[in-house]
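**Student:** give me a model of this one.
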Amino acid sequence: MSAAAYGDHRGDLDGREHPGLLRAIDMVAPGSALREGVDNIIHARTGGLVVLGDTEDISFLFSGGIKLDVDYSPALLYQLAKMDGAIVLDAMARQIRWANVQLMPDPTIHSSETGTRHRTAERVSRQTDALVISVSARRDVVTLYIQACKYILREIPMVLSKANQGLATLDRYRERFDQATGRLTDSELSGNPATLHEVLTAIQRAELVLRTAAEVERYIIELGSEGRLIEMQLEDTVVGVHAERAALIRDYGADAADHLVDGILSGLGGLPHQDLLDFGRMAEILGYDRKVNAHEVTVSPRGYRVLNRIPRLPRLIAETLIKRFGGLSEIIAASRQELAATEGVGEGRADEVRQGLRRLIEIDAAERYMQT
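**Tutor:** Modelled structure (predicted):
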C-alpha cells in the first residue's frame, strides 16, 4: 500500500479512543486471519465490502445474495470479493454467512463519502452496530466504519515509526518522573518537608507517562503480531507507575480515604492536556485551594510510598502504622517498642519495619553521594 493512500481521520488518536473501534482495529491487525483475507483483496485490486455483525440485526438491509454459512478462511474471502456484492460475516469473523449481497441502507442518513462503496459502508455502520470494512479497488485503502467512527488503516512501517516515536517520548517522561519521585524520596527519608509544587510535578509526570503509554498501546493494537517487541518495551518502561501515582495521592492528597483517592485518580485521568499543565487545577483535584502558591506550601507524607518499598510488609500493617503515628517522619522516629505496641504489628514485624526503613535511608544516602 502506498503511504499516500493512508492517513489519519479526525486526529488519529481521538478516533481510536472509541472502544468498539479499538476492537475492530484489533480484529484486522497483522497476524489475524481477517487481515490476511483483507490483504489478499488489496493485492488482487478487486475491492470489497465486508460486514461483521449479527445477521438477524442487519438482514433487513439485504437485497439478494447467496447464503453460505461456512467457516471463514482468508482464501474464501478473497474469492468471494471477486463478486460485486458485500460479504457478511458473523461478529467474530468465524463464519461467512452471506456473499454477493446488495446492501440497502437508509439513503437519508448523512454520509460524507463520495464513492458508492464507502458511502454504503458508512450508512450501514450508522444504521446498525455492525463493523463495516471497505477496501478500495484502486487506491489500496482499507477503511473501518463502526457507528459514527471511521478509521483508515495505515502501512505497518508508518505505524511502527509512530510507535517508536511514542516510546522515545515515553522514555523521556519516565526519566523525568523518576527524577521527580527521587527528589521526593530524598525529602521524605531525610525529614525535610517537600513543597506542594514538587508533589504536583511528580503526579503530572506520572500522568504524562501513563497517557503516552496508552497512546503507544493503541499503536500496538494496530500492529498486531508486528508489535510484540514494542509491547515488551512498553511494559518495561511503565512498570510501577500506576502504583507510585496512587501512593503519591495517598501520601499527599488532602484526604487519603479510599473513595476520595479513586475520585482523584478519575479526576486526573479526565483532565484535558492543557489543564494538566495547570498546577492550580491539579491542586484543587487533590483537595487544596486552587489559588494556593504551590511553591510556598510545604506538605508532609503519610508514608504509603516508603512503606510500600519495605519487602513483604502487608498493606494493612502499613495503613495501621500510618493511622497510629500520623505520618512517615513519626514512624521513622518511633522506637521498636512503640512500633511493636501498635495493634497487629508485634515485635517481629516492628523489627522488619525498622530494618526496612534503615536500608531505604542508607540506599538513598548512597545514591545522593554518588550523584555529588
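**Student:** in the longest strand belonging to the chain, what's buried?
**Tutor:** Of all the segments assigned as strand in the chain under DSSP state E, the longest by residue count is strand 95-103. By 16 or more other Cβ atoms under 10 Å, the buried positions in strand 95-103 come out as 96-101, 103. Placement of C-beta: from N, CA and C, glycine included.
**Student:** return it as PDB; C-alpha atoms alone will do.
**Tutor:** This file holds the C-alpha atoms of strand 95-103, laid out as PDB (Å, rounded to 0.1, in the frame of the first residue of the first chain):
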ATOM      1  CA  GLN A  95     -18.100 -17.800   9.600                       C
ATOM      2  CA  ILE A  96     -19.100 -16.400   6.300                       C
ATOM      3  CA  ARG A  97     -22.900 -16.000   6.300                       C
ATOM      4  CA  TRP A  98     -23.700 -14.400   3.000                       C
ATOM      5  CA  ALA A  99     -21.900 -13.300  -0.200                       C
ATOM      6  CA  ASN A 100     -22.700 -11.100  -3.100                       C
ATOM      7  CA  VAL A 101     -25.300  -9.200  -1.000                       C
ATOM      8  CA  GLN A 102     -26.600  -5.800  -2.200                       C
ATOM      9  CA  LEU A 103     -26.900  -3.600   0.900                       C
END
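**Student:** can you tell me how far the residue nearest the centre of the chain is from Ala121?
**Tutor:** Closest residue to the average C-alpha location of the chain: Ala214 at 3.0 Å, with Cα atoms, centre = their mean. Distance, Ala214 to Ala121, by Cβ to Cβ, to the nearest Å: 28 Å.
**Student:** on that earlier part again, what's the longest strand of the chain packed up against?
**Tutor:** In terms of contacts (3 or more Cβ pairs under 8 Å, 6 or more residues apart in numbering; DSSP states H and E), strand 95-103 is packed against strand 48-52, strand 62-63, strand 66-71, helix 74-80, strand 86-89.
**Student:** now render those as JSON lines, adding mean pLDDT and mean neighbour count.
**Tutor:** Shown next, in JSON lines, are those (pLDDT from 0 to 100; neighbours: other Cβ atoms under 10 Å):
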{"stretch": "strand 48-52", "mean pLDDT": "96", "mean neighbour count": "25"}
{"stretch": "strand 62-63", "mean pLDDT": "95", "mean neighbour count": "14"}
{"stretch": "strand 66-71", "mean pLDDT": "96", "mean neighbour count": "12"}
{"stretch": "helix 74-80", "mean pLDDT": "96", "mean neighbour count": "18"}
{"stretch": "strand 86-89", "mean pLDDT": "97", "mean neighbour count": "26"}
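**Student:** among the ones you listed, which is nearest Ala256?
**Tutor:** strand 48-52 (46.7 Å; Cβ to Cβ).
**Student:** and the very next helix or strand once past the closest one, C-alpha only, in CSV?
**Tutor:** Elements were assigned by DSSP states H and E; along the chain past strand 48-52, the next helix or strand is helix 55-58. As requested, C-alpha coordinates have been extracted for helix 55-58 and formatted as CSV (Å, rounded to 0.1, in the frame of the first residue of the first chain):
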residue,chain,number,x,y,z
THR,A,55,-27.2,-11.4,10.7
GLU,A,56,-30.6,-11.0,12.4
ASP,A,57,-29.8,-7.4,13.2
ILE,A,58,-28.6,-6.4,9.7
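**Student:** still on that earlier bit, what inclination does the helix or strand following the longest strand of the chain have with respect to strand 95-103?
**Tutor:** For strand 95-103, the succeeding helix or strand toward the C-terminus, using DSSP H and E, is helix 116-127. Put simply, helix 116-127 runs at 110 degrees to strand 95-103, going by axes from the mean of the first three to the mean of the last three Cα atoms, to 10 degrees.
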